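Student: kindly return the folded structure for what I paste below:
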Amino acid sequence: MIHENIIKLLTGVKQIARESTNILKESSINFIEQSIIKGHYTSREEYEQLKQLVFKMQEEIKSFKKK
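Tutor: Presented below is the predicted three-dimensional model:
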């Protein structure tokens, strides 16, 4: 019984982490789309933040592909 509860708990935590990651990615994509693609230009500081965000997302995608 305890083992089943632990497995359910770990599964729930994994699902929450996955959903949180998806929400973060979606908000990042929306921000990039609104700031760059649709013609709303950014400051140099915002550009650097976007650049770092894109690099981070690329690394996360690579790590997901490896799994």
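
Student: middle-most residue in the protein, spatially?
Tutor: Most central in the chain under Cα atoms, centre = their mean is Lys25, positioned 3.3 Å from the mean C-alpha point.

Student: in space, what's closest to that one - neighbours in sequence excluded?
Tutor: Met57 (6.7 Å; Cβ to Cβ, 6 or more residues apart in numbering). Bear in mind the C-beta positions are built from the backbone N, C-alpha and C, glycine included.

Student: how about the CA coordinates for stretch 45-52, as PDB?
Tutor: Output of stretch 45-52 as PDB, limited to C-alpha atoms (Å, rounded to 0.1, in the frame of the first residue of the first chain):
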ATOM      1  CA  GLU A  45      18.500  44.300 -22.800                       C
ATOM      2  CA  GLU A  46      15.300  42.600 -23.900                       C
ATOM      3  CA  TYR A  47      17.100  41.200 -27.000                       C
ATOM      4  CA  GLU A  48      19.900  39.700 -24.800                       C
ATOM      5  CA  GLN A  49      17.300  38.100 -22.500                       C
ATOM      6  CA  LEU A  50      15.400  36.700 -25.500                       C
ATOM      7  CA  LYS A  51      18.700  35.300 -26.900                       C
ATOM      8  CA  GLN A  52      19.500  33.600 -23.600                       C
END
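
Student: buried sites along it?
Tutor: Under the neighbour-count criterion of 16 or more other Cβ atoms under 10 Å, stretch 45-52 has Leu50 buried.

Student: mind starting the numbering at 13 from now?
Tutor: Taking 13 as the first residue, the last one we looked at is stretch 57-64.

Student: just give me how far it sits from the chain centre.
Tutor: Mean C-alpha position of stretch 57-64 versus that of the full chain (Cα atoms, centre = their mean, to the nearest Å) differs by 16 Å.

Student: what of stretch 63-78?
Tutor: Counting by Cα atoms, centre = their mean, stretch 63-78 comes out at 9 Å from the chain centroid.

Student: next one: the helix ranked longest in the chain to chain centre, how far?
Tutor: In the chain, with assignment by DSSP state H, the single longest helix is helix 14-44. Centroid separation between helix 14-44 and its chain, computed with Cα atoms, centre = their mean, is 11 Å.
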